[in-house]
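Participant: Dropping a prediction and its sequence here:
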Amino acid sequence: MGLTTGEPRKVRGYAEVSHETGSELLEQVLGQRARVSARLDTIGAVIAVASGKGGVGKSAVTANLAVSLARRGASVGVVDADLNGPSLGRMLGLLGSKLVDGSEGVVPPAGADGVLGMSSELLLKEDAPLRWKGPDSDRFIWQGVTEAAMLREFLSDVVWGELDYLLVDVPPGTDKIGRFLDLVPTPAGVLVVTIPSEVALSVVSRSVASLREAGVESIGIVGNMSGYSSPDAEHPLPLFSGDGIRRLTESTGLELWAEIPFDPGMGSRTDRGDPPGASDDSVFGRAFQALADRVEQGVGGREVAP
């Protein structure tokens, strides 16, 4: 039946494909990987922000963490690797920025608080859909290849320069973090963003298991939407029942790096390209202050005064 022929499948590598077709595919891929390595040599810490499941506010956490670190004097860059639902261009105030193609590569524009950013949003007209090239029947097959190639380009062909931190917003899905680790096998850390929903927590558990299998050592849990921050309430009001975040940290043995409440006003600012981050003494601001503290202490990237 179908693929079950009883004979082992022949999986061809880049070298075999290049040899059979006379193409320079292998040389191109190896050249890109070498450029990725060279770019990352000038960056203090590469941090992936992952979720496993979409809709948990991962990109908003990335944007607000980036400006929080930048306001402490750190040089920060952000890669929006979510090609199907890019949003960091808007959140960092980069929409309308022109990309400059310099002698060493593409120069990323600076957005909110001087954070450098690269997103497929900057390559598309506003509200234009991202269309995958190739026959409709093969689109699903080539989509993953195109996503991986675009991530390689964002890391290899963009002139990031000397940065303290490069945050990579990884697309949702347990398989997507694997593509990132294929390019950056030893990131300084991975932040796993989740919400206190039983469905989201079950997916996160699988993501954490995948990260550990890959040998990632520094993994932190970020509990987003941990409550509703109301100006009339002294403490955030619960949005979800139960204590799922606590059970997640206990079952995985990981630390909870921050609990971030849902604040409509702060969310609106982020959507407008003005992420507040740790800008005030609100519950939201203190949460990102704590997250930035934990990143500086646990991940590195720049020297922190004792």
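Facilitator: Structure received.

Participant: List of residues touching the longest strand anywhere in the chain?
Facilitator: Using DSSP state E, we find that the single longest strand of the chain is strand 219-228. If you take CB atoms under 8 Å, 6 or more residues apart in numbering as the criterion, strand 219-228 is touched by 56-58, 60-61, 189-196, 204, 208, 211-212, 235-240, 245, 248-249, 252, 254-262, 291, 294, 298. The way it works is simple: take the backbone N, C-alpha and C, and place the C-beta from them, glycine included.

Participant: The same query, at a cut-off of 7 Å, please.
Facilitator: Residues from elsewhere that reach strand 219-228 (CB atoms under 7 Å, 6 or more residues apart in numbering): 56-57, 61, 189-196, 208, 211, 236-239, 245, 248-249, 254-262, 291, 294, 298.

Participant: Stretch 283-301 too?
Facilitator: Stretch 283-301 has contacts (CB under 7 Å, 6+ apart) with 44-45, 47, 64-65, 68-69, 72, 74, 164-165, 188-189, 218, 220, 222, 229, 236, 257-261, 263, 266, 276-279, 304.

Participant: just to revisit the earlier point, check which residues of the longest strand of the chain are buried.
Facilitator: By 16 or more other CB atoms under 10 Å, the buried positions in strand 219-228 come out as 219-227.

Participant: related to what we said a few turns ago, could you list which of the contacts of stretch 283-301 belong to strands?
Facilitator: Counting by DSSP E, the contacts of stretch 283-301 contribute 44-45, 47, 164-165, 189, 220, 222, 257-261 to strands.

Participant: Now for this protein, the helix or strand with the poorest mean pLDDT.
Facilitator: Across the helices and strands of the chain, the lowest-confidence element by mean pLDDT, DSSP states H and E is helix 14-21, at a mean of 46.

Participant: ok, then the element right after that helix?
Facilitator: Using DSSP states H and E, the helix or strand that follows helix 14-21 towards the C-terminus is helix 25-40.

Participant: what comes up buried for that following helix?
Facilitator: Buried residues in helix 25-40, counted by 16+ other CB under 10 Å: 32, 35-36, 39-40.

Participant: repeat for stretch 200-208
Facilitator: Those would be 200-201, 203-205, 207-208, for stretch 200-208 by 16+ other CB under 10 Å.

Participant: Quick check, Leu116 in contact with Ser75.
Facilitator: No. Applying CB atoms under 7 Å as the test, Leu116 and Ser75 come out as separate, 8.0 Å apart.

Participant: So for these two, which residue has more residues nearby?
Facilitator: Ranked by neighbour count (other CB atoms under 10 Å), Leu116 and Ser75 place Leu116 first, with 24 against 20.

Participant: List the contacts of the more buried one.
Facilitator: Counting by CB under 7 Å, 6+ apart, Leu116 touches 77, 108, 110, 160.

Participant: repeat that for 10 Å
Facilitator: 66, 70, 75-79, 92, 94, 107-110, 158-161, 163, 166 (CB atoms under 10 Å, 6 or more residues apart in numbering).

Participant: Restrict the residues you listed to the buried ones and give me that as a PyMOL selection.
Facilitator: Selection command for PyMOL covering only the buried members of the contacts of Leu116, criterion 16+ other CB under 10 Å:
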select buried, resi 66+70+75+76+77+78+79+92+94+107+108+109+110+158+159+160+163+166
